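# Fold the following.
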Amino acid sequence: MIESTSKSERISRPLILNREIINIESHQLVLLSNNISNIPSIEDLRRNIDYTKLFSTVEKCLQYINQTKNTVTFMICSRQFLPDLTSKFQNYKSISKIYVFDFSNDSTNSEKILPSSDSRIKETVYTEQSVLINDLSHDVQQYLHFEKQSDKLAELQQTSTTYFSSSWITLVDLWCHLQYPMRCLIRLIL
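All right, here's what the predicted structure looks like:
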């Protein structure tokens, strides 16, 4: 419940926007793992990307990504899903980065190198949550900075286009309404 205070009374209203259902950001996080106890902390992930979805099968995950293809997607997946993903995610252009993790007890503490031809897949298998979350945070900040710069550029282009076109209209209008001596008018036309 959200409470708003007015001069004379307190009014309680229910929260209208449910962040579990509606994504108001331009990006999202998709986590793919069949072992819910062996995933990064959801709270830590949501500090970087508020809209986070969990999946336990590749098919449902890719179906969801296809439904949200206009949203930039950061994906975290368990190492066991990587072979299935590499053959299927090539057509999903909305996926920005893929982070592969293996937090199992039998994994070593050092990061393992992944051979990959796709630049969207991070080259390491993350064995520590903190390193994964730091890299995710860094990449999200880079994306947000790029998005902000793109918005500024689009605004600048819109402003300059409007100014440029309005300047030409004003100049042509001025030429049409100037008083010319007859000899100059003949030269202008010829």
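# Going along the chain, name the strands of this structure.
For the chain, the strands defined by DSSP state E occupy 2-5, 10-13, 27-32, 52-55, 72-78, 95-101, 112-113, 121-126.
# Mean pLDDT lowest where, among those strands?
Across the strands of the chain, strand 2-5 has the smallest mean pLDDT, namely a mean of 47.
# picking up where we left off before, JSON lines for the strands of the chain, including mean neighbour count and distance to residue 147?
To be clear about C-beta, it is placed using only N, CA and C from the backbone, and glycine gets the same treatment. Converted to JSON lines, the strands of the chain look like this (neighbours: other CB atoms under 10 Å; distance: least, CB to CB, whole Å):
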{"stretch": "strand 2-5", "mean neighbour count": "8", "distance to residue 147": "28"}
{"stretch": "strand 10-13", "mean neighbour count": "8", "distance to residue 147": "32"}
{"stretch": "strand 27-32", "mean neighbour count": "22", "distance to residue 147": "8"}
{"stretch": "strand 52-55", "mean neighbour count": "18", "distance to residue 147": "19"}
{"stretch": "strand 72-78", "mean neighbour count": "22", "distance to residue 147": "8"}
{"stretch": "strand 95-101", "mean neighbour count": "21", "distance to residue 147": "11"}
{"stretch": "strand 112-113", "mean neighbour count": "12", "distance to residue 147": "30"}
{"stretch": "strand 121-126", "mean neighbour count": "19", "distance to residue 147": "20"}
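# Could you export these to JSON lines, including columns for distance to residue 134?
Below are those laid out as JSON lines (distance: least, CB to CB, whole Å):
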{"stretch": "strand 2-5", "distance to residue 134": "33"}
{"stretch": "strand 10-13", "distance to residue 134": "38"}
{"stretch": "strand 27-32", "distance to residue 134": "15"}
{"stretch": "strand 52-55", "distance to residue 134": "17"}
{"stretch": "strand 72-78", "distance to residue 134": "13"}
{"stretch": "strand 95-101", "distance to residue 134": "11"}
{"stretch": "strand 112-113", "distance to residue 134": "17"}
{"stretch": "strand 121-126", "distance to residue 134": "10"}
